[in-house]
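Sequence and predicted structure below; questions after.
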Amino acid sequence: WLKGHPLLAAASLFVLLMTGSLFSAWNEDKHFSVSKQSNLVVENSKVTVPEGEVVKGDVTVKNGTLLIEGKIEGDVTVINGEKYLASAGQVTGDIEEVDEMFEWLWYHIKSISKDVINVFS
């Protein structure tokens with residue numbers, strides 16, 4: 001069915017290769033990382049927003065634990081980890097936990113889409 005449709009064949013091959021690349025990245029990406037905000041406390045793979053602190057901007061924690069005792073003015077994304085919201089903790093944006101491969105894939109698709117839209121805005 002792809003015979004005589006080189007553009008469709010090229011698009012199909014591209015999708016196949018990108019999917020394989022993302023699945024490979026999922027299996028290999030087991031390192032701890034956290035977005036850079038000065039008032040986050042990082043100990044080993046545990047990230048804490050201390051009580052009384054306000055973090056402005058989005059916070060992403062990969063392969064670690066996030067404890068929110070203060071306030072985050074932005075979105076929170078925890079990839080392959082856990083988040084704990086203390087009774088005093090507050091998040092003004094969305095909270096997203098990504099712990100399965102298809103959620104991770106969807107997270108990356110949304111992230112790339114946001115970047116593309118920001119480039120053209």
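Nice, thanks for sending it over.

For this protein, which segments count as strands?
Secondary structure of the chain (DSSP state E): strands at 33-34, 41-43, 46-49, 54-56, 59-62, 65-68, 71-73, 76-79, 82-85, 90-91, 95-98.

Quickly run through the sheet partners of the fourth one, with directions.
Okay, so that is strand 54-56. Strands adjacent to strand 54-56 in the sheet, as given by DSSP bridges, are strand 71-73 (parallel).

picking that back up, dump the strands of the chain to TSV, plus distance to residue 116, mean neighbour count and mean pLDDT.
Quick note: C-beta positions are derived from backbone N, CA and C, even for glycine. As requested, the strands of the chain are arranged in TSV below (distance: least, CB to CB, whole Å; neighbours: other CB atoms under 10 Å; pLDDT from 0 to 100):
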stretch	distance to residue 116	mean neighbour count	mean pLDDT
strand 33-34	23	16	87
strand 41-43	31	11	93
strand 46-49	28	21	94
strand 54-56	25	15	94
strand 59-62	19	22	91
strand 65-68	28	21	92
strand 71-73	25	19	94
strand 76-79	19	22	89
strand 82-85	28	16	83
strand 90-91	26	16	91
strand 95-98	20	16	84
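
Save those strands as JSON lines, and put in distance to residue 105 too.
As requested, the strands of the chain are exported to JSON lines (distance: least, CB to CB, whole Å):
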{"stretch": "strand 33-34", "distance to residue 105": "18"}
{"stretch": "strand 41-43", "distance to residue 105": "27"}
{"stretch": "strand 46-49", "distance to residue 105": "24"}
{"stretch": "strand 54-56", "distance to residue 105": "27"}
{"stretch": "strand 59-62", "distance to residue 105": "15"}
{"stretch": "strand 65-68", "distance to residue 105": "21"}
{"stretch": "strand 71-73", "distance to residue 105": "25"}
{"stretch": "strand 76-79", "distance to residue 105": "12"}
{"stretch": "strand 82-85", "distance to residue 105": "20"}
{"stretch": "strand 90-91", "distance to residue 105": "24"}
{"stretch": "strand 95-98", "distance to residue 105": "9"}
